[in-house]
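Colleague: dropping a prediction and its sequence here:
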Amino acid sequence: MSTTATAPVTAPDTTPVTTPDTTTTGATDVEAQRAAVKHDVAATLRYLGTHGYQYALAGHVTVRDLGEPERYWVNPTGLPFSVITPDDLVLVDPDGTVVAGRHGANGYHGQLEVHRARPDLRAGLHLHSEHTFAWSSAGGVLAPLTTDASWIRPWIAVRDSFAVPCSQALGDTARILVQRAHGAVTFGASILEAAFWWVSFERAAKTELLLRAASLARDIDADLQEKWQLTPQAAHEQFAPVLAAFVASEPGNFGRSGAITPA
């Protein structure tokens with residue numbers, strides 16, 4: 001199988017990037033907004049765990065706190081994503097020291113470095129999904145073999161060495177960081193946006209691996225590549241109803257309505 005991907009593309013400067021609101025409708029005070037964001041984080045982790053995106057206990061989530069933007073909510077050590085609740089989330093300071101929560105946490109320092117360098121990225125997500133990990137060893141930026149891959153290609157950057165800081169490799173516009181032989185990290189203005197990039201990358205990586213293994217890989221037409229590009233706002237909006245439907249089907253519903261506010 002060829003390990004050479006199509007040359008990287010640059011995210012268009014003209015693409016509108018706005019900050020989605022992930023809080024529940026009517027949440028105006030900081031505590032209510034914080035509770036809503038923690039709900040969305042826990043729901044997203046449960047979705048990813050339930051749908052098989054997590055391998056064992058590997059993976060990290062980081063989400064900037066709304067009231068104290070130099071602090072971050074992260075997933076606890078030792079709990080599978082599929083069982084995490086809002087109360088399980090751990091709050092850490094800018095150095096990664098746990099300041100609140102009933103569990104320990106580790107492994108998220110590289111993501112905090114990105115958050116400090118890119119204030120527009122409020123959420124980060126790293127998992128050990130099967131096809132993303134395979135692709136990270138075989139290639140870099142996904143080739144435009146399908147319109148699904150074309151959706152996310154402008155937002156991909158590559159980190160060829162762990163000697164390169166995450167923020168430097170990600171640059172000023174990318175939101176998906178492929179790490180050589182260590183999967184990827186996706187970022188967004190919301191956890192919903194970051195989750196959409198993750199699910200999309202895993203799907204596109206699987207498709208490319210299958211097509212290359214069958215010697216059937218062929219780029220889509222250039223005009224389709226230009227047409228099929230997704231904005232961060234649209235990524236959030238794509239995942240919001242999916243997550244809302246999942247939450248509505250969860251036993252107990254986290255004690256909430258399950259309604260995720262559209263961006």
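Modeller: Arrived safely.
Colleague: what are the ranges of the helices in the chain?
Modeller: Assigned by DSSP state H, the helices in the chain fall at 30-50, 109-117, 130-138, 147-152, 166-170, 191-213, 222-227, 232-249.
Colleague: for the ones you listed, which has the smallest mean pLDDT value?
Modeller: Mean pLDDT values for the helices of the chain show the minimum at helix 222-227, a mean of 86.
Colleague: mind listing what's buried along that helix?
Modeller: Neighbour counts over helix 222-227 (16 or more other Cβ atoms under 10 Å) mark Q225 as buried. For every residue, glycine as well, the C-beta is placed using N, CA and C.
Colleague: against which helices or strands is that helix packed?
Modeller: Judged by 3 or more Cβ pairs under 8 Å, 6 or more residues apart in numbering; DSSP states H and E, the packing partners of helix 222-227 are helix 147-152.
Colleague: hmm, back to that, pick the most buried one from the helices of the chain.
Modeller: helix 191-213 (a mean of 23; mean count of other Cβ atoms under 10 Å).
Colleague: so how far is stretch 212-223 off the chain centroid?
Modeller: Chain-centre distance of stretch 212-223: 26 Å, with Cα atoms, centre = their mean, to the nearest Å.
Colleague: ends of it, what's the gap?
Modeller: End-to-end span of stretch 212-223 (Cα to Cα, to the nearest Å): 22 Å.
Colleague: hmm, back to that, quick one, which of the helices of the chain gets closest to P94.
Modeller: helix 109-117 (6.9 Å; Cβ to Cβ).
Colleague: which residues are in contact with that closest one?
Modeller: 60, 62, 64, 72, 92, 94, 96, 121-122, 124, 126, 165-167, 170, 177, 185, 187 (Cβ atoms under 8 Å, 6 or more residues apart in numbering).
Colleague: which of those residues are buried, as a PyMOL select command?
Modeller: Command for PyMOL, covering only those of these found buried under the criterion 16+ other Cβ under 10 Å:
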select buried, resi 60+62+64+72+92+96+121+122+124+126+166+167+170+177+185+187
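Colleague: please flag which of the contacts of helix 109-117 sit within strands.
Modeller: Mapping the contacts of helix 109-117 onto strands (DSSP state E) picks out 60, 62, 64, 72, 92, 124, 126, 177, 185, 187.
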